[in-house]
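> Have a look at this prediction, sequence included:
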Amino acid sequence: MIKADFDPQPKLLSGSLELRPLRREDLDGLFAAAGHPQVWADHPAKNRYKRDVFERYFDFLLETGSTVVIIDRQSDKIIGCSRYYVAPDQPDSISIGFTFLNHAYWGGGTNFEIKRLMLDHAFQTFPEVWFHIAPTNIRSQKATAKLGAEHVYDATLNLSGTPAQGMCFRLSKVAWTRTLRDKGTQGATE
């Protein structure tokens, strides 16, 4: 259970992105961002680009009450989503995951900007944030390492209804502050 003093569906803004709570009416916009095989190529659920498969996933995300959609403020289009959750192996901490972005937004600074917003929010309440990544998802492993997170251990966890092997990465507030300083950016953690 997420701590009562932490808002798992905040509205967060940067110059180019808006993160806000996922709503039922976001289905079509989120599927437009997710409906290409390339989006899921590195993910264990490779068929999530299919509408019927994605709709089941969308229902799961909506039911969690902790998912935010990611909106490109320039185009006002949904480009992906992410969520906060409490992992069974770290019940006193918060985790960030279930993140996907439309492939047109890969390779730039969008993922870092999303994580900056979410991490700055999380570090107002928690001293560390966890990420759980499939061993085959090299893209997410590299992106998480760029945040300053360290791979601590591997575990079989049930995060979405089916136990799966995951690599567990931890990011401390201290390490995050160092990453921001090294990148020449500032966040709410300073």
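That came through, no problem. Numbers count the residues shown, from 1 in each chain.
> Remind me what the worst-scoring helix or strand of the chain on mean pLDDT packs against, helices and strands.
Sorted by mean pLDDT, DSSP states H and E, the helices and strands of the chain end with helix 138-146, the least confident at a mean of 92. Here helix 138-146 touches helix 110-122, strand 128-133, strand 163-172, going by 3 or more CB pairs under 8 Å, 6 or more residues apart in numbering; DSSP states H and E. Where C-beta positions appear, they are placed from N, C-alpha and C, glycine not excepted.
> Could you check how far E25 is from L62?
11 Å (CB to CB, to the nearest Å).
> Please read the previous query as pertaining to L147.
When L147 is compared with L62 (using CB to CB), they lie 27 Å apart.
> Look at those two and report which has more neighbours.
Between L147 and L62, L147 has the larger neighbour count (other CB atoms under 10 Å), namely 20 against 16.
> Name all residues that make contact with the more buried one.
Remark: with contacts taken as CB atoms under 8 Å, 6 or more residues apart in numbering, L147 is in contact with F112, K115, L119, L171, W176, T179.
> How about F31?
Neighbours of F31 in contact, by CB under 8 Å, 6+ apart: R51, F54, E55, F58.
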